[in-house]
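**Q** Just need the structure, nothing else, for what follows:
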Amino acid sequence: MPRAVLCRALGPPEGLSLEELPPAPLGPGEARVRLAACGVNFPDTLIIRGLYQHRPELPFIPGVESAGTITELAPDVGSWRVGDRVITRQRTGGYAEEIVLPAKALVALPAGFGFAEGASFLVASLTAYHALVQRASLAAGETLLVHGAAGGVGLAAVELGKLLGARILATASSAAKLAVARQRGADELIDYTKEDFVEAVRSRTGGAGADVIFDPVGGEVLAQSLRAVAWGGRILIVGFAGGAIPELAANRILLRSCSVIGVRAGEAARKEPERARAAMTALMALAEAGHLRPHIAATLPLARFAEAMRLLMERQAIGRVVLLPGG
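**A** Here you go, the predicted structure:
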């Protein structure tokens, strides 16, 4: 029987268990996929603790993206074939050896991508695209400040921002993290453990500040970003990996005449499917052309799911972390 990581009670990743489960039945319009890789995302670490917006009924299998090979198709599915290599998208179920889901939730694995890259591509890249293109309308020649630039979504923002023609300022907590951001296109590097990022941004922009600030960190980083944004700039609230949700100074928003914009790519896709399809088409074209590719920080066997999740929770990963059901 296929194995899966099961959350039976809300709590830390060490409370999850790897169990054998009977194969799920195949319904109309569905596909069975043998998974070769499962992407680990920060929301996974929240949902198992009951700290995320989506709260599935217990028990559930975490994991919103994965990749593998189709092994079975319902008779009414004509758009795929057994043996096709695909990326799967789901709200739960990715930390497993196989998954059954609607065939419409499958995406062809881009040419040149391995399964680990496919399983760690869409969530971060769609978030970055939705934020920079659809929410902030980032333009060529603008300055983009990316916080947490060595994380999975941060690196996606660096890479995409560079493709859009922006000047990229990247913040991170070490030289090693910033070196990867540089490889992905960052123009200016800011180690916030050694210098005040607000002053660094001001000095690197002639006092003007950043036109767009991409922030998946939150906390004091977000609060201080109001001092680093340009007149009429846009601050994108992507998440709170730092753990704290700050109260923002409304007077600074007024004085800078800036916009503070929430980014929820997954919810936007459900409410605005046409825009989501446009984003997907654009991203897959960039991936097929070799312009976008996730940076894999670590691959671990499925049994080491708690260790993989801890890498994200403790902000140790540079890029993406992927579980490999095959070992």
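**Q** what sits against Leu236?
**A** By C-beta atoms under 8 Å, 6 or more residues apart in numbering, the residues touching Leu236 are 131-132, 135-136, 212-215, 261, 263. Any C-beta I mention is one placed from the backbone N, CA and C, and that applies to glycine too.
**Q** partners of the helix or strand hosting it, with directions?
**A** Using DSSP states H and E, Leu236 maps to strand 229-237. The strands beside strand 229-237 in its sheet (DSSP bridges) come out as strand 210-215 (parallel), strand 259-262 (parallel).
**Q** Pull out the buried residues from the helix or strand that it is followed by.
**A** As assigned by DSSP H and E, the chain's next helix or strand after strand 229-237 is helix 250-256. By neighbour count with 16 or more other C-beta atoms under 10 Å, helix 250-256 contains the buried residues 252, 256.
**Q** Just the CA atoms of helix 250-256, as PDB, please.
**A** C-alpha atoms of helix 250-256 as PDB (Å, rounded to 0.1, in the frame of the first residue of the first chain):
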ATOM      1  CA  ALA A 250      -0.700  54.800   8.800                       C
ATOM      2  CA  ASN A 251       1.100  58.200   8.900                       C
ATOM      3  CA  ARG A 252       4.000  56.700   7.000                       C
ATOM      4  CA  ILE A 253       1.700  55.300   4.400                       C
ATOM      5  CA  LEU A 254       0.200  58.700   4.000                       C
ATOM      6  CA  LEU A 255       3.500  60.600   3.900                       C
ATOM      7  CA  ARG A 256       4.900  58.200   1.200                       C
END
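**Q** packing partners for it?
**A** strand 229-237 (3 or more C-beta pairs under 8 Å, 6 or more residues apart in numbering; DSSP states H and E).
**Q** Could I get the strands paired with strand 229-237 in TSV, plus columns for mean pLDDT, distance to Asn251 and mean neighbour count?
**A** Below are these laid out as TSV (pLDDT from 0 to 100; distance: least, C-beta to C-beta, whole Å; neighbours: other C-beta atoms under 10 Å):
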stretch	mean pLDDT	distance to Asn251	mean neighbour count
strand 210-215	98	18	28
strand 259-262	96	13	15
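**Q** Which one, of these, ends up nearest to Pro102?
**A** strand 259-262 (28.0 Å; C-beta to C-beta).
**Q** which outside residues touch the following helix or strand past that closest one?
**A** Next along the chain after strand 259-262, taking DSSP H and E as the criterion, comes helix 265-271. Residues outside helix 265-271 that contact it (C-beta under 8 Å, 6+ apart): 53, 64, 123, 126-127, 129-131, 134, 275-276, 279.
**Q** Can you name the next helix or strand after helix 265-271?
**A** helix 273-288.
**Q** Using CSV, list the CA coordinates for that next one.
**A** Extracted C-alpha coordinates of helix 273-288, given in CSV (Å, rounded to 0.1, in the frame of the first residue of the first chain):
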residue,chain,number,x,y,z
PRO,A,273,-9.5,31.9,-12.8
GLU,A,274,-8.9,33.7,-16.0
ARG,A,275,-6.0,35.8,-14.6
ALA,A,276,-4.7,32.6,-13.0
ARG,A,277,-4.6,30.9,-16.3
ALA,A,278,-2.8,33.8,-17.9
ALA,A,279,-0.2,33.7,-15.1
MET,A,280,0.2,29.9,-15.6
THR,A,281,0.7,30.3,-19.3
ALA,A,282,3.3,33.0,-18.9
LEU,A,283,5.2,31.0,-16.3
MET,A,284,5.2,27.8,-18.2
ALA,A,285,6.5,29.6,-21.3
LEU,A,286,9.4,31.1,-19.2
ALA,A,287,10.2,27.7,-17.7
GLU,A,288,10.1,26.0,-21.1
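**Q** That'll do, ta.
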